[in-house]
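Peer 1: from the sequence below, what's the structure:
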Amino acid sequence: MSPKGKTELKITGLQTDYCIDAAVKCGFERGYKIIVHRYANTTFDNKFMTAEKSCDYYNNFMWNGRYAECISADDTVLRIKNSV
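Peer 2: Numbers count the residues shown, from 1 in each chain. All right, here's what the predicted structure looks like:
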C-alpha cells in the first residue's frame, strides 16, 4: 500500500510497449491493483508489429488478467458514475 493509503492505479498514455508497460508491471510488483482503460494507450509501429497490433497484444494478452484489469470505455464511465 502506498504511503497515502491508495491501493489502485489507473494507467493511460503513450508508448504502450515502453512506458505504459513499465508502469503496469512496476505498479503490480508493488502491490497495486492496476486498471488499464483499454485502448486509452497508444504507440508507434515497430519493426515487428504495427501500433494497432502492439496495443491489442498488451491490452488483451499481456496485461489483462495477469498484471492488470483492462476495462472498456463503457466500463470506465460506469465506474466513474458509481464512484461519485
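Peer 1: how many residues are close by residue 24?
Peer 2: Per other CB atoms under 10 Å, the neighbour tally for residue 24 reads 25. From N, CA and C alone the C-beta is placed, and that goes for glycine too.
Peer 1: residue 36 too?
Peer 2: 26.
Peer 1: now it: which helix or strand?
Peer 2: Assigned by DSSP states H and E, residue 36 belongs to strand 33-42.
Peer 1: return the alpha-carbon coordinates of the helix or strand that that strand is followed by using PDB.
Peer 2: Using DSSP H and E, the helix or strand that follows strand 33-42 towards the C-terminus is helix 51-57. Provided in PDB are the C-alpha atoms of helix 51-57 (Å, rounded to 0.1, in the frame of the first residue of the first chain):
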ATOM      1  CA  ALA A  51       1.000   0.100 -33.400                       C
ATOM      2  CA  GLU A  52      -2.500  -1.400 -33.600                       C
ATOM      3  CA  LYS A  53      -1.300  -4.900 -33.100                       C
ATOM      4  CA  SER A  54       1.100  -3.900 -30.300                       C
ATOM      5  CA  CYS A  55      -1.800  -2.200 -28.400                       C
ATOM      6  CA  ASP A  56      -4.000  -5.200 -29.000                       C
ATOM      7  CA  TYR A  57      -1.300  -7.500 -27.700                       C
END
